[in-house]
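Colleague: Have a look; sequence and predicted model below, questions after that.
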Amino acid sequence: MPQVSDKYAHTEGSPIVAINMKAKALAKEGREIFNFSIGVPGFLPPQHVYEAATKAVNEDSGAYLSSAGSDELREAFLNLLKSQGFTYSLDETCATMGAKNALTSLCQVLCNAGDEVLFPAPFWSNYIQTVQMADAVPVPIECGSEQGYKLTPEQLEAAITPKTRIFLFNNPSNPTGMVYTKAEIAALAVVLKKHDVWIISDDLYDKIIFDGEEFHHLLTAEPELRDRMVIVQSVSKSYGMPGWRVGFVAAPKDIIKMMVSVATNTFMNIPHVSQKAAAAALTGDQTFIEERCAEFKQKRDAVMDSLESIEGLVCPFPKGAFYAFPDVSHFIGKKYKGQTITDDVRLCELLLESHGVACVPGSAFGHPGALRISYACDLHTLEKGMVHFETFFSEVEA
Ligand SMILES: Cc1ncc(COP(=O)(O)O)c(C=O)c1O
C-alpha cells in the first residue's frame, strides 16, 4: 500500500465518540447502560423548525448554494448577535457545518505551522486535533479543581508568548460546566487587550446557564478587541439540533472571505433544508430555551446531590452547559473488587463494566484524575444511573 500522510496517520478520533460507541455496543448486547458520555442536548427542536424543514424539502432546487450560507440564515445570526449587543454586517459572518467545522477552518486560516493556540484545560477534547490539523501547536493552560477549573488573568498573561497566534476560549465550559463572572471576564479581557493575538470565543453554551448567573463576553468587556475577535456559534446545543450541522462565525471580513474560500473548496455549502431549519430555530419563539434550561438545572441538581454524597470526590459546582466534572483523583491507585484503578481511563472502564455507567475520562479533556458526566438524558435514567455511580464509589476499597 502506498504511504499515507504522516499528519493524518496520527490523528485520533474523538475519545468521547469512542466511549459512546462502546456504551451503545454494550446496550445492544442487552446490558442496562446509563450513557452519560456524549454531549447531545437530549431534546428536539420546536415544531416550527420541522415545519420550515419540510417546506424546504418541497422547494429545494437541488442546486449548489452560497458557501457563506444564505442571507436569511446569516441575518438570523446577526439578529442573535444584536440581542447580545454586537453589531456585525453580512460580510462579517458566514455559516459553517457546525462549530466543529468553524473551529477547524479558523485554525487553518489563522495559523502558520508552529504557531501556538492557547486554551484553558480542562478543554473540549476536539481542540487538540483541531489545532494539530492546522499544523499549529496546542498549548493547554492547566486550571485545576482548586481554582474552580477557571483560567486566571495571571495564568493567561504568563502563557502568552511571541508564538501565540490564538487564544481559544469556551464559556460556559465543556467539560466543566463553569461560567465566568463579569469580573473574571473583564480581567481576562484586560490581558488580551495588551497582546496582539486572535481570540476565538466558542459561545456554544451561552444560553444554557442557571442560578440567575449571566453570560458575559470578552467583547462586551473590551469592545476594542473586535478587530481580533472571532465568535463561534451553532444550533447544536441550545436549539437541540446537533445533527443538522449548522454553525456560525462572526469575524473581521477578511477572515470571513478566507473561511468562505475554504468552504467552497471543501464541503461547498450547508444543505438547504438544514439552513432553513436553523433560520427558523433562530428567528422563532425562543421561550423553549428557558424551559430546557429549567430541566437542565433540575438534572444538574440531581447530579450534584449525588456527587456531594460521595466522600473523597470533589466537584466544583457547574453553573451552565450540561456537564459535571468531578475530580476523582482520591480514588486513583485504590482497588475495585481486586483490580487496581490505575488512572481515570481504568476507572471509567470499571464503572462501565461493573455498573453500566458510561462517563468520559478526564484525560480526554486534558485533565486526568477527573471524569465528565453529561447529564442531558431524561431525569429518571439520570437518577437511576447516579445511584449506580454512587454504589460504584462505595465499593472502592478504602
Ligand atoms: C465547546 C464545544 N465547541 C464546539 C462543539 C462542536 O459543536 P457542533 O455540533 O456545532 O459542531 C462542541 C460540541 O460538543 C463543544 O462542546
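Modeller: That came through fine.
Colleague: Give me the contact list for the lowest-mean-pLDDT helix or strand in the chain.
Modeller: Ranked by mean pLDDT, DSSP states H and E, the helix or strand of the chain with the weakest confidence is helix 6-9, at a mean of 82. Outside helix 6-9, the residues that touch it by Cβ atoms under 8 Å, 6 or more residues apart in numbering are 132, 133, 135. For the C-beta atoms, the positions are set from N, CA and C on the backbone; glycine is no exception.
Colleague: List the buried residues for whatever helix or strand residue 297 lives in?
Modeller: Following DSSP states H and E, one finds residue 297 within helix 287-308. For helix 287-308, the neighbour count (16 or more other Cβ atoms under 10 Å) marks 288-289, 292-293, 295-297, 299-300, 303-304, 306-307 as buried.
Colleague: Check the average confidence over that helix, would you?
Modeller: Averaged over helix 287-308, pLDDT sits at 97.
Colleague: for stretch 238-246, same thing?
Modeller: pLDDT averaged over stretch 238-246 gives 97.
Colleague: do it and the ligand meet at all?
Modeller: Yes. Counting by Cβ under 6 Å from any ligand atom, the ligand is contacted by stretch 238-246 at residue 242.
Colleague: So what touches that stretch?
Modeller: 40-45, 49, 73, 95-98, 101, 204-208, 234-236, 270, 274-275, 277-278, 281-282, 289, 292.
Colleague: How about the secondary structure of residue 179?
Modeller: coil (DSSP: H, G, I helix; E, B strand; the rest coil).
Colleague: circling back to that earlier point, output the following helix or strand past the least confident helix or strand of the chain as PDB - backbone C-alpha positions only.
Modeller: Using DSSP H and E, the helix or strand that follows helix 6-9 in sequence is helix 15-28. C-alpha atoms of helix 15-28 as PDB (Å, rounded to 0.1, in the frame of the first residue of the first chain):
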ATOM      1  CA  PRO A  15     -12.400   9.700  22.600                       C
ATOM      2  CA  ILE A  16     -16.000  10.800  23.500                       C
ATOM      3  CA  VAL A  17     -17.400   9.200  20.400                       C
ATOM      4  CA  ALA A  18     -15.400   6.000  21.100                       C
ATOM      5  CA  ILE A  19     -16.900   5.700  24.600                       C
ATOM      6  CA  ASN A  20     -20.300   6.400  23.300                       C
ATOM      7  CA  MET A  21     -19.900   3.600  20.700                       C
ATOM      8  CA  LYS A  22     -18.700   1.200  23.400                       C
ATOM      9  CA  ALA A  23     -21.700   2.100  25.600                       C
ATOM     10  CA  LYS A  24     -24.100   1.600  22.600                       C
ATOM     11  CA  ALA A  25     -22.500  -1.800  21.800                       C
ATOM     12  CA  LEU A  26     -23.000  -3.000  25.400                       C
ATOM     13  CA  ALA A  27     -26.600  -1.800  25.300                       C
ATOM     14  CA  LYS A  28     -27.100  -3.800  22.100                       C
END
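Colleague: give me the element the closest residue to residue 20 other than its chain neighbours is part of.
Modeller: Leaving out its chain neighbours, the residue that sits closest to residue 20 by Cβ to Cβ, 6 or more residues apart in numbering is residue 38, at 4.3 Å. Of the helices and strands defined by DSSP H and E, none includes residue 38.
Colleague: Helices along the stretch 51-200 of the chain, start to end?
Modeller: 71-83, 98-110, 126-132, 153-159, 182-194 (DSSP state H, counting those that start in this stretch).
Colleague: Out of the ones you listed, which gets nearest to the ligand?
Modeller: helix 98-110 (2.8 Å; Cβ to the nearest ligand atom).
Colleague: List the buried residues in stretch 181-191.
Modeller: Buried, per 16+ other Cβ under 10 Å, within stretch 181-191: 184, 185, 186, 187, 188, 189, 191.
Colleague: Quick check: chain neighbours aside, which residue is closest to the residue nearest to the spatial centre of the chain?
Modeller: Closest residue to the average C-alpha location of the chain: residue 174 at 4.7 Å, with Cα atoms, centre = their mean. Distances taken as Cβ to Cβ, 6+ apart place residue 124 nearest to residue 174, at 4.7 Å, with adjacent residues excluded.
Colleague: give the contact list for that neighbour.
Modeller: Neighbours of residue 124 in contact, by Cβ under 8 Å, 6+ apart: 170, 174, 175, 202, 365.
Colleague: Name the SS class of residue 387, please.
Modeller: helix.
Colleague: what's the closest of the buried residues of helix 287-308 to the ligand?
Modeller: After measuring those against the ligand - Cβ to the nearest ligand atom - the closest member comes out as residue 296, at 14.4 Å.
Colleague: how close does the closest one sit to residue 320?
Modeller: 9 Å (Cβ to Cβ, to the nearest Å).
Colleague: Around residue 121, how many other residues sit close by?
Modeller: 20 (other Cβ atoms under 10 Å).
Colleague: Same check on residue 15?
Modeller: Per other Cβ under 10 Å, the neighbour tally for residue 15 reads 17.
Colleague: swap in the one 10 residues further on?
Modeller: Other residues within reach of residue 25 by the criterion other Cβ under 10 Å amount to 11.
Colleague: still on that earlier bit, what about burial for the contacts of stretch 238-246, which qualify?
Modeller: Applying 16+ other Cβ under 10 Å to these flags 40-43, 45, 49, 73, 95-98, 101, 204-208, 234-236, 270, 274-275, 277-278, 281-282, 289, 292 as buried.
Colleague: Thanks again, I'm all set now.
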